[in-house]
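Novice: The following comprises the amino acid sequence and a computationally predicted model.
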Amino acid sequence: MASSLPSSISKILSKPNPFARKGHQSLFETLSSLPNDGLGSFVAQTQWAKQGNPNSYWQVTKVKLKHEGQHGKAWGRLYWRGKLAETIKGRTPERERLIPGGLKHGWTVVQPKKRPNPDSDEHITRDPLETVSDNISSPN
């Protein structure tokens, strides 16, 4: 029995993680795959665009990952429909806040056309939920 244990474990470990597919990663798995643990990147839940909320994403300002990027905490600024969320409904502007739902699957990296400036009145002019891989052209 002891001799079959390592082969059993190797069979389990050799199977691909079904949640490792694009768009099926937690926030922490997504950030851990990026340089500098995703600090300064733009991330969004894939369901936001499907629910009719384009131009909605988080700008990551602080990251603390644990357990090889499987868990942790991340802070950032929320941009909802192109506007800094703290400026909506008369909220007091905050520098950053904890990003909720980090363990949910369905986070992806997005790239706005130009970087948002929370101090300006400028807004993003296109849907930032175009994923990074959509911008990469395949070789012919």
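Specialist: In hand now; what should we look at? Numbering: from 1, shown residues only.

Novice: Who does residue 109 form a beta bridge with?
Specialist: Here residue 109 sits in beta bridges with residue 43, as judged by DSSP bridges.

Novice: Relative to residue 86, how far out is it?
Specialist: Separation of residue 109 from residue 86 (C-beta to C-beta, to the nearest Å) stands at 23 Å. For glycine as for every other residue, the C-beta is placed from the backbone atoms N, C-alpha and C.

Novice: ditto for residue 102
Specialist: 20 Å.

Novice: now swap in residue 112 and tell me
Specialist: 17 Å.

Novice: Over to residue 60?
Specialist: Residue 60 is 16 Å from residue 86, by C-beta to C-beta.

Novice: Looking at these two, which one has more neighbours?
Specialist: A count of neighbours by other C-beta atoms under 10 Å puts residue 60 above the other of residue 60 and residue 86, at 25 against 19.

Novice: for the more buried one, which residues make a bridge with it?
Specialist: Here residue 60, judged by DSSP bridges, has bridge partners residue 76.

Novice: Same question for residue 84.
Specialist: residue 79.

Novice: From residue 111, how far out is it?
Specialist: 18 Å.

Novice: the more surrounded of those two?
Specialist: Per other C-beta under 10 Å, whichever of residue 84 and residue 111 has more neighbours is residue 84, with 20 against 16.

Novice: mind listing what's buried in stretch 68-77?
Specialist: 69, 72, 74, 75, 76, 77 (16 or more other C-beta atoms under 10 Å).

Novice: for the residues you listed, which one is nearest residue 96?
Specialist: The closest of the buried residues of stretch 68-77 to residue 96 turns out to be residue 75 (C-beta to C-beta; 4.4 Å).

Novice: Now do the closest one, the pLDDT please.
Specialist: pLDDT for residue 75: 94.

Novice: Ends of stretch 46-63, what's the gap?
Specialist: 20 Å (C-alpha to C-alpha, to the nearest Å).
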